[in-house]
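Colleague: Coordinates for the following, if possible.
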Amino acid sequence: MGVPHITSFCWCMGLEVGAKCVGFVHLLVSFILMILCSVFAENVRGFVGTAEDAGDGLYATWYKIAVTTAVVTVVHVLLAFTLLFSVFKRSPRGIRAWVWVMSALCAAALVCIVVLVATHGLSGSGSDIFLSFLEGLVFFGVMAYCILCVNSYYLMLKSAEDMEGPHKSVY
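Modeller: Now for the predicted structure:
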């Protein structure tokens, strides 16, 4: 029993088109988030170390979070470029690297959420917690589907390579 696979992307699109869509959406979202976090970090930087920040260090904390998120989104932009380049070149190695890295990042995010909930508990009303749970379920479900689509495209490329057979040598 191996990794599950699909034969087509949403709305009956092929796996190659689906992998390209995943790559373009990943690039667009990562690029926009990188710009927003960079602008936010630059705006908050002016308040770090001032009288408004002296009491609780809230602006310093926001600045650290914004800079860290901006750096992480740069990694996602590079991942999206890797996926798009690999899909256009039909390179299974780059596609497989994207699948492994995104799977690891998804698993790390889930572990981080579980650890934070276990250490700090849940806050808010019951409906807020339920809505947060639904948002997380939709986000990680869409993420898993995108990873599954790209992995299925990788499996399709690998099976096409296997069908070519061994290289023939001239005697």
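
Colleague: where are the low-confidence patches of this protein?
Modeller: 1-2, 162-171 (pLDDT under 70).

Colleague: Please report the distance of the residue nearest to Met13 when sequence neighbours are not counted from Ile129.
Modeller: In this structure, Met13 finds its nearest non-sequential neighbour in Cys21, 7.3 Å apart by C-beta to C-beta, 6 or more residues apart in numbering. C-beta here means a position set from N, CA and C on the backbone, and glycine is covered the same way. Computed as C-beta to C-beta, to the nearest Å, the Cys21 to Ile129 distance reads 33 Å.

Colleague: Those two: which has the busier surroundings?
Modeller: With neighbours defined as other C-beta atoms under 10 Å, Cys21 and Ile129 compare such that Cys21 has more, 16 against 13.

Colleague: Now the more buried one, what are its backbone angles?
Modeller: Here is the backbone geometry of Cys21 (degrees, to the nearest 10): phi -60, psi -40.

Colleague: Am I right that it is in contact with Phe9?
Modeller: Yes - using C-beta atoms under 8 Å, Cys21 is in contact with Phe9, at 7.0 Å.

Colleague: Alpha carbons of stretch 99-117, as PDB, please.
Modeller: What follows is stretch 99-117, C-alpha atoms only, in PDB (Å, rounded to 0.1, in the frame of the first residue of the first chain):
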ATOM      1  CA  VAL A  99       6.200  17.700  -1.900                       C
ATOM      2  CA  TRP A 100       8.600  16.600   0.800                       C
ATOM      3  CA  VAL A 101       9.200  20.200   2.100                       C
ATOM      4  CA  MET A 102       5.600  21.200   2.000                       C
ATOM      5  CA  SER A 103       4.600  18.000   3.800                       C
ATOM      6  CA  ALA A 104       7.200  18.700   6.500                       C
ATOM      7  CA  LEU A 105       6.000  22.300   6.800                       C
ATOM      8  CA  CYS A 106       2.400  21.200   7.100                       C
ATOM      9  CA  ALA A 107       3.300  18.500   9.700                       C
ATOM     10  CA  ALA A 108       5.400  21.100  11.700                       C
ATOM     11  CA  ALA A 109       2.500  23.600  11.600                       C
ATOM     12  CA  LEU A 110       0.100  20.900  13.000                       C
ATOM     13  CA  VAL A 111       2.600  20.000  15.700                       C
ATOM     14  CA  CYS A 112       3.100  23.600  16.600                       C
ATOM     15  CA  ILE A 113      -0.700  24.200  16.900                       C
ATOM     16  CA  VAL A 114      -1.100  21.100  19.100                       C
ATOM     17  CA  VAL A 115       1.800  22.100  21.400                       C
ATOM     18  CA  LEU A 116       0.500  25.700  21.700                       C
ATOM     19  CA  VAL A 117      -3.000  24.500  22.600                       C
END
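
Colleague: I appreciate the help and will end here.
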